[in-house]
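Asker: Fold the stuff below for me.
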Amino acid sequence: MPTVTMRYFAHARDPAGCAEEQLELPDEVDLDAVRAFLLQRHPGLGRILPACRIAHNMEFLRAPVRLADGDEMAVIPPVSGG
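Answerer: Presented below is the predicted three-dimensional model:
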């Protein structure tokens, strides 16, 4: 299983308890699998994770991807500005 860096931005940091961490994930993941894994690891993400985007190597995750050691993933909550 590859080791990836998972980064948590903005409002995802507090419920995750960190800004980033190293995680072992399966070789191939999709959006549902990543969300399920994160909810199991950090139940506090439950209220915001459905609205968050998940990125893999700086691109939004839309389809299943094959992971490699050193990949980067990110949880990006919705933001608003004015």
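Asker: use CA for all of it now, contacts and neighbours both
Answerer: Noted.
Asker: need the helices for the chain, in chain order.
Answerer: Using DSSP state H, the helices of the chain run over residues 13-16, 31-41.
Asker: Highest mean neighbour count out of those?
Answerer: Among those, ranked by average contacts under mean count of other CA atoms under 10 Å, first place goes to helix 13-16 (a mean of 16).
Asker: Excluding sequence neighbours, find me the nearest residue to Glu24.
Answerer: Leaving out its chain neighbours, the residue that sits closest to Glu24 by CA to CA, 6 or more residues apart in numbering is Thr3, at 4.4 Å.
Asker: That neighbour: how many residues sit nearby?
Answerer: Applying other CA atoms under 10 Å, we find 18 residues neighbouring Thr3.
Asker: hang on, isn't it packed against Asp69?
Answerer: Yes. Counting by CA atoms under 8 Å, Thr3 does reach Asp69; the two are 4.9 Å apart.
Asker: before we move on, back to that, who touches the residue nearest to Glu24 in this structure?
Answerer: Residues near Thr3 by CA atoms under 8 Å, 6 or more residues apart in numbering: Gln22, Leu23, Glu24, Leu25, Ala68, Asp69, Gly70, Asp71.
Asker: thinking again about what came up before, make CSV out of the helices of the chain and add distance to Arg62 and mean pLDDT.
Answerer: Converted to CSV, these look like this (distance: least, CA to CA, whole Å; pLDDT from 0 to 100):
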stretch, distance to Arg62, mean pLDDT
helix 13-16, 22, 96
helix 31-41, 7, 96
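Asker: Adding distance to Ile54 as columns, could you present the ones you listed in CSV?
Answerer: Converted to CSV, the helices of the chain look like this (distance: least, CA to CA, whole Å):
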stretch, distance to Ile54
helix 13-16, 14
helix 31-41, 7
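Asker: Which one, of the ones you listed, ends up nearest to Leu61?
Answerer: Checking the helices of the chain against Leu61 by CA to CA gives helix 31-41 as the closest, at 6.4 Å.
Asker: rewinding a little: which of the contacts of Thr3 are buried, as a ChimeraX select command?
Answerer: Typed into ChimeraX, the line below selects the buried ones among the contacts of Thr3, using 16 or more other CA atoms under 10 Å:
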select :25
